[in-house]
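# I'd like to go over a predicted model; first the sequence, then the structure.
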Amino acid sequence: MVIDLFARNVVGWSMKPTLSRELALDALMMAVWRRKPDSEVIVHSDQGSQYGSDDWQRFYRANNLAPSMSRRGNCWDNAVAESFFSSLKKERIRKRIYKTRDLARADLRLH
């Protein structure tokens with residue numbers, strides 16, 4: 001999930017069965033495709049291994065993105081994302097039972 005901190009809205013997201021570099025890259029690609037930034041953009045992430053992958057770094061360079069990582073074990077550095085996921089879980093996910101991933105994806109698109 002990629003949040004535009006200025007506008008405070010989601011500009012990229014992806015759903016996969018596991019946390020992987022493809023999941024993160026898909027969300028970032030969607031954000032770049034939707035926003036089409038014309039100047040350098042700072043992309044902040046936590047310390048997940050997917051954000052240090054070679055694919056991730058190549059994508060940064062190719063799209064004029066500047067990486068920024070939170071400090072290890074410090075949720076406050078990534079407070080906007082932490083708050084977003086907390087609200088999403090409370091307001092949407094925990095109140096429903098999804099029979100398939102596709103139904104969950106469709107429901108979350110509406111949220």
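It's in.
# Find the nearest non-adjacent residue to residue 101, please.
Spatial nearest neighbour of residue 101, chain neighbours left out: residue 15 (6.6 Å); criterion: CB to CB, 6 or more residues apart in numbering. From N, CA and C alone the C-beta is placed, and that goes for glycine too.
# so who does the one you found touch?
When contacts are counted by CB atoms under 8 Å, 6 or more residues apart in numbering, residue 15 touches 23, 101, 104, 105, 108.
# who touches residue 105 in this structure?
residue 15.
# Which SSE is immediately downstream of the strand or helix carrying residue 59?
Per DSSP states H and E: residue 59 is located in helix 54-62. Note on helix 54-62: by DSSP H and E, the next helix or strand toward the C-terminus is strand 65-69.
# Just the mean pLDDT for that next one, thanks.
In this model, strand 65-69 has a mean pLDDT of 87.
# do the same with stretch 45-54
80.
# Alright, that wraps it up for me.
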